[in-house]
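Trainee: how would this look folded up:
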Amino acid sequence: MELVAIHAGVDLAKSVDYTALTLAEMWRRPRADAPPPRPPYRAEDVAQETLYRVQHIERFPHGMPWKAQAAAIAALLSAVQAQLLVQYVSRKPGDVFIHATGLGSPMMEVIREALDDHEETRDVSTYPVIFQHGQREYNWETHTVGKTFLFRHLSALVAMQRLELPKAHPLTAALLAEVDAFRFTIDRDGHETMGAEPSAHDDILTSLALATMEEGNWWAGRAIRFSVGS
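Mentor: Prediction:
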């Protein structure tokens with residue numbers, strides 16, 4: 001397997017939710033279900049798929065100033081890139097996907113400034129993500145994506161065993177609780193809506209969906225069911 005990138009998803013706090021960040025490694029590995037290419041072939045002829053390994057989950061406290069949140073996000077990503085430099089002799093490409101529906105645009109600038117304060121994260125790319133009803137994959141020009149499509153993609157990663165969660169992380173249990181409280185509903189007109197049950201949160205789950213959104217297989221699954229790895 002090959003580590004190809006480090007992705008972060010950030011769900012900014014609204015009135016009741018927390019700001020949450022999920023950091024995931026993006027790996028490429030041979031597809032177990034793909035037939036081997038006919039010889040003679042090169043290594044790049046082997047069919048590949050994406051595997052996400054979640055390495056860190058962060059939930060910032062209510063009332064934490066925006067600049068302090070941005071500084072914490074930048075410090076975490078800087079530390080990760082510094083560690084990669086030790087392990088792999090080079091940094092890996094890094095992308096930060098930030099839920100920008102509503103209050104996201106000003107916060108995008110604050111996070112960008114914080115990343116630019118660290119040498120290790122000046123080349124990390126930041127992308128706003130705006131939920132737009134009915135849209136499918138992420139539009140790189142308008143920065144919009146359908147929320148239903150995004151969460152179905154997350155469900156597909158789980159179904160195909162292409163997402164690994166850290167069993168020992170203290171917030172993994174909170175993530176699984178958010179999964180249990182997350183619902184898809186379809187009204188009589190066939191319109192789909194989704195979100196957490198009343199009084200429940202979905203901030204960590206949303207940040208996970210954002211961190212794992214950039215890859216090629218957008219197969220649409222239905223139910224989200226997680227198994228926790230080591």
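Trainee: from here on, just use CA atoms for contacts and neighbour counts.
Mentor: Will do.
Trainee: please work out the average pLDDT along the helix or strand harbouring residue 78.
Mentor: Using DSSP states H and E, residue 78 falls within helix 66-88. For helix 66-88, the mean pLDDT works out to 88.
Trainee: show the subsequent helix or strand relative to it.
Mentor: Defined by DSSP H and E, the subsequent element after helix 66-88 is strand 94-99.
Trainee: which stretches in this structure count as helices?
Mentor: Taking DSSP state H as the test, the helices found in the chain are 66-88, 104-116, 147-159, 172-180, 203-211.
Trainee: report the buried residues of the third one.
Mentor: Neighbour-count burial for helix 147-159, counted by 16 or more other Cα atoms under 10 Å, picks out 147-159.
Trainee: what about the nearest residue to residue 112 once chain neighbours are set aside, how many neighbours?
Mentor: Nearest residue to residue 112 in three dimensions, chain neighbours excluded: residue 126, at 7.1 Å (Cα to Cα, 6 or more residues apart in numbering). Using other Cα atoms under 10 Å, residue 126 has 18 neighbouring residues.
Trainee: and the pLDDT at residue 126?
Mentor: For residue 126, the model assigns a pLDDT of 93.
Trainee: tell me the bridge partners for the closest residue to residue 207 other than its chain neighbours.
Mentor: What sits nearest to residue 207 in space, not counting adjacent residues and going by Cα to Cα, 6+ apart, is residue 9, at 4.5 Å. Counting by DSSP bridges, residue 9 is bridged to residue 22, residue 97.
Trainee: number of nearby residues for residue 9?
Mentor: A count of nearby residues for residue 9, using other Cα under 10 Å, gives 29.
Trainee: next, the contact list for the closest residue in space to residue 77 that isn't next to it in sequence, please.
Mentor: Spatial nearest neighbour of residue 77, chain neighbours left out: residue 121 (6.8 Å); criterion: Cα to Cα, 6+ apart. Counting by Cα atoms under 8 Å, 6 or more residues apart in numbering, residue 121 touches 74, 77, 78, 81, 115.
Trainee: check residue 121 and give its pLDDT.
Mentor: 90.
Trainee: could you check how far it is from residue 7?
Mentor: 12 Å (Cα to Cα, to the nearest Å).
Trainee: and if you look at residue 110?
Mentor: Going from residue 110 to residue 7 by Cα to Cα gives 19 Å.
Trainee: okay, those two: which has more neighbours?
Mentor: The neighbour comparison of residue 110 against residue 7 (other Cα under 10 Å) goes to residue 7, with 27 against 17.
Trainee: can you give me the end-to-end span of stretch 153-166?
Mentor: 20 Å.
Trainee: correction: stretch 54-74
Mentor: Note: stretch 54-74 ends 18 Å apart using Cα to Cα.
Trainee: flag every buried residue along that stretch.
Mentor: 54, 56-60, 66, 69-74.
Trainee: can you list the helices of the chain in CSV and add distance to residue 23?
Mentor: Below are the helices of the chain laid out as CSV (distance: least, Cα to Cα, whole Å):
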stretch, distance to residue 23
helix 66-88, 9
helix 104-116, 15
helix 147-159, 15
helix 172-180, 13
helix 203-211, 7
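Trainee: and those helices: which comes nearest residue 96?
Mentor: helix 203-211 (7.4 Å; Cα to Cα).
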